[in-house]
Structures are given as structure tokens and as C-alpha cells.
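# quick check, what structure comes out for this input:
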Amino acid sequence: MEESEITVLCITGWCRNGSTIIGNILNEAPGVFHVGELHFLWKNSAGRGANSLCGCGAVLTECPIWADILPVGRPAGMSPADYADLVIARQRGFARTRHTWQIIGRGLDSEGVRQHAELMSRVYRAIAQRTGARVIVDTTKIPGEAALLPHLDGVHPVFVHLVRDPVAVAHSWRAPKGYVYTMSASRSTAYWRGFNLASRAILRRYPEQSTLLRYEDFIADPAATIAELLRRCDVDPSSNPVDGRTVQLHTNHTVTGNPDRFRTGATVIRPHDDSWTRGLPRQARLAAMLLSWPMSWRYGYRHRGGLRVRPRPVQPAAAVSSQASSPNLGSGGAPGGSGS
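As a prediction, the model looks like this:
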């Protein structure tokens, strides 16, 4: 990695996988800045998204960080609203989950995707300059955006494919939470398959820069997991903010994510993820199990009781590629194009 390069730790996978809390923990380490789901900066700042607040509590357009970042790349004379629409159109046209394989295979093969890549390169550099961060954590999770990172000037990507039990994810989607809408178990699991399939394609394409991490392994040993992620970003693991199962969280500047991103103070990481065993109806549970198989089986989720493989430390992609290569987890494009 060149001295001037910015490390972007990019978390991919489907929503409700624990990316927000992991990002906010990493945010406590010196030189690390968690942007949240950067993909939605323009949509949310223009009032077109689910929420318009920064993690600091300010409206994005009034936050001292994002107020400086939002004008990056905006042509002279163009209004913020029109510029947001332009960026959103490029995202929809070139950086959705379904575009992951095209970007992996053909790179920046059109003017639209080149323009979006140039903008993201400039935005990451501007964030680093504004915050003094050497490592930026982006929990957007949309694989189409992640696939662009190796093509960005001045960016060194570190990919974390974060997976959570699809039944637990389906349960999490059932109840409304703040600005987050609800989703059926079948729809959630369809997205779970698509986003994880595309994330796996990135993991296989860039194995030396990638890590497969299960949420269940993170909560089993949060301190060790965070230490390993810091090492992968060339950050001294002695700066690990996790003490046992507890971390002191301060105000952050996340664009969006789980509404829990607004919580500060002492936060305890629970060692178990089993509330779905009491709260998810049988029909919804069966839908998540059936629609996620055999991919979920390959990740170690072997029901009835959930995780059937012993928790393990965070693993590099090279160590798990042989486990995930056969049988094939599926083919075709991922559904949808929203990571929120």
C-alpha cells in the first residue's frame, strides 16, 4: 500500500447484519472514521431517503463534516437538489447489486460508471482530508459500490463480507425501528441471498484483501474480531476500544444505518443472537430457512437451532474459498438495488 493511499474498509452483505455497531466500534480507534452508509449521502441530504440526520444529530446539510463533503464534484451553477438527483441516477444506473459482476469483469467500461468512480474517489479523499482519518469504514453494504473500490485512485480497499443467520435477519426485519421500515421473511431472505451472492463474488475476486466474518463470531469474541480488523487496516491493535464485551461509544458522523447509531456511552455486546427463537412465527422461520438454503448451510447456519458450526475467529477469504466453492451457491443477478 502506498503511503498516500487511503484504506477503505468496506463491509458488504445484507442489512441487519451488525455492520453499524462494528463500524461504530472501529470509529473509536485513532485514525479511523466510520461514514456509515455513504451511498445514501446524496439521497438523504436531499430529503429523498428514509432519514436526513447525521449520527451527530444534525441534519446532514448542516453537519460540519458533511456540509463540506456534499459540494465535492458538483458543477458550478447546479443546485444541491439537482446534483443529488444526478448522483442518484448514476448509482441506480451503474452501482446496484446487479452491476457487481459487470464491474468485476469489465471494470469502468462506460462513461457513467467512470464518472461515479471518479466522484467516489474524490469523496473518500475529501473525507480523509476533512477528518484526518487514514482509514475510512464504509458500511454501505451494496456490492456494486464495493466492486468499484479497486478502481478508485488513491484508495486501498479492505473487504469484509459480513454474514448473519438469515432467520435472525428475518426476525429483525419484522418490527419497525425508528426510520427503518419492515419486510417479510421471504423478501428479506431473497435479498439476503442476492446481496451475499454478490458479496461472495467480490471475496473470490480479491481474496487477499477480503475477509469473511459471521456476525455470530463477532459477538462471540468482539475484542478479538475488532483487533483483527484493525490489523488488516494496518492500525495498531493495541488501540482496540473493546474491553471484554464493553465499548465506550462517542458521537459519530454516520450518514445512515441502524437507528442504534445514535447511542453513546458504555455499550455491551451481547454474546447470543437468539431472540428469533422466541419471536419469529413458524411460517416465517420456515420461509427464511428454505429460501436461504443451501447458501446458509455453507455459512454454518444449520437449523433448527441456528448456528451449528463452532464460532471461529475472523477469516481471510483465502482460508474459506475452498469451503464456499462447492456446491455452487447460485447464479444470476441479485434482487433489488437498495442497501438500506
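
# list the contacts of the residue nearest to Arg270 when sequence neighbours are not counted.
Distance criterion C-beta to C-beta, 6 or more residues apart in numbering; nearest residue to Arg270, sequence neighbours excluded, is Ile219 at 6.3 Å. For glycine as for every other residue, the C-beta is placed from the backbone atoms N, C-alpha and C. Ile219 is in contact with 18, 269-273, counting by C-beta atoms under 8 Å, 6 or more residues apart in numbering.

# derive a ChimeraX selection command for the buried subset of those residues.
To isolate the buried ones among these in ChimeraX, judged by 16 or more other C-beta atoms under 10 Å, type:
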select :18,269,273
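
# and which of the contacts of Ile219 is nearest Glu208?
For the contacts of Ile219, the closest approach to Glu208 (C-beta to C-beta) belongs to Gly18, at 24.1 Å.

# quick check, that closest one in contact with Arg214.
No. Using C-beta atoms under 8 Å as the test, Gly18 is too far from Arg214 to be in contact (9.4 Å).

# shared neighbours of the two, anything?
162, 164.

# re the thing from before, quick check, nearest of the contacts of Ile219 to Ser186?
Asp273 (20.7 Å).

# circling back to that earlier point, identify, from the contacts of Ile219, the entry nearest to Gln209.
Gly18 (20.8 Å).

# quick one, strands of the stretch 101-250 of the chain?
Ranges of strands in the stretch 101-250 of the chain, per DSSP state E, counting those that start in this stretch, are 135-141, 155-163, 210-214, 246-249.

# any idea how far the nearest residue to Phe159 once chain neighbours are set aside is from Asp109?
Once flanking residues are discounted, Phe159 sits nearest to Ser210: 4.2 Å by C-beta to C-beta, 6+ apart. Going from Ser210 to Asp109 by C-beta to C-beta, to the nearest Å gives 23 Å.

# higher neighbour count, these two?
Regarding Ser210 and Asp109, a neighbour count based on other C-beta atoms under 10 Å identifies Ser210 as having more, with 27 against 12.

# my read: that one touches Ile202, true?
Yes. Ser210 is within contact range of Ile202, at 6.8 Å (criterion: C-beta under 8 Å).

# give me the common contacts of the two.
159, 161.

# nearest to Cys233, of the contacts of Ile219?
Of the contacts of Ile219, the one sitting nearest to Cys233 (C-beta to C-beta) turns out to be Gly18, at 18.0 Å.

# relative to Ala89, how far out is the residue nearest to Glu145 when sequence neighbours are not counted?
Counting by C-beta to C-beta, 6+ apart, Glu145 lies nearest to Ala95, which is 5.0 Å off, once chain neighbours are set aside. Using C-beta to C-beta, Ala95 is found at 11 Å from Ala89.

# neighbour count for those two, which is higher?
Ala95 (26 against 12).

# point out where the stretch 1-150 of the chain drops to low pLDDT.
Confidence mapping of the stretch 1-150 of the chain against pLDDT under 70 gives the ranges 1-3.

# swap the cut-off to 90 and go again
1-4, 50 (pLDDT under 90).

# try the stretch 151-300 of the chain
For the stretch 151-300 of the chain (pLDDT under 90), the answer is 175-178, 180-181, 272-279.

# name the residue most distant from the centre of this protein?
Gly77 (33.4 Å; C-alpha atoms, centre = their mean).

# just checking, that residue is part of a strand?
No. Per DSSP: H, G, I helix; E, B strand; the rest coil, Gly77 lies outside any strand segment and is coil.

# for it, which residues are in contact?
No contacts exist for Gly77 under C-beta under 8 Å, 6+ apart.

# for it, grab phi and psi.
When read as degrees, to the nearest 10, the backbone of Gly77 gives phi 90, psi -10.
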